[in-house]
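> quick one, what's the 3D model for this:
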Amino acid sequence: METFAFIIIPILIIIAVITIVDVIRNRSGWSIAGWILLIVVLPVIGSAIYWFTRKGTPDEAEHVYLAEQDRRYQSAHEPIDRGF
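From the prediction side, this is the model:
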């Protein structure tokens, strides 16, 4: 049981810290305080709720769009492997 706690607790702390950093970078006003309070009081549940309800920024959406566009361009211009 001690080994389990030794492994799990640092992982949960890292997840909570990463979530708090993301909240501070992408939120404004009182929503920062609310999210941080939820994450500090209920670290696992608060982090899960934040990541499931988080909407991407316009820059992230543009990055995903450009990556998908590049993938489609690459697949359209690579030769077809017939494998005979």
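
> how far away is Pro10 from Ala67?
Going from Pro10 to Ala67 by Cβ to Cβ, to the nearest Å gives 32 Å. C-beta coordinates here come from the backbone N, C-alpha and C atoms, glycine included.

> in which helix or strand does the residue nearest the centre of the chain reside?
Nearest to the geometric centre of the chain sits Trp51, at 6.1 Å (Cα atoms, centre = their mean). In this structure, Trp51 sits in helix 43-53 according to DSSP states H and E.

> for that helix, packing partners?
On a contact count with 3 or more Cβ pairs under 8 Å, 6 or more residues apart in numbering; DSSP states H and E, helix 43-53 meets helix 2-26, helix 30-41.

> and the first one, how far out from the chain middle?
For helix 2-26, the distance from its own C-alpha centre to the chain's C-alpha centre is 13 Å (Cα atoms, centre = their mean, to the nearest Å).

> elements contacting that helix?
Under the contact criterion of 3+ Cβ pairs under 8 Å, 6+ apart, helix 2-26 touches helix 30-41, helix 43-53.

> thanks a lot, catch you later.
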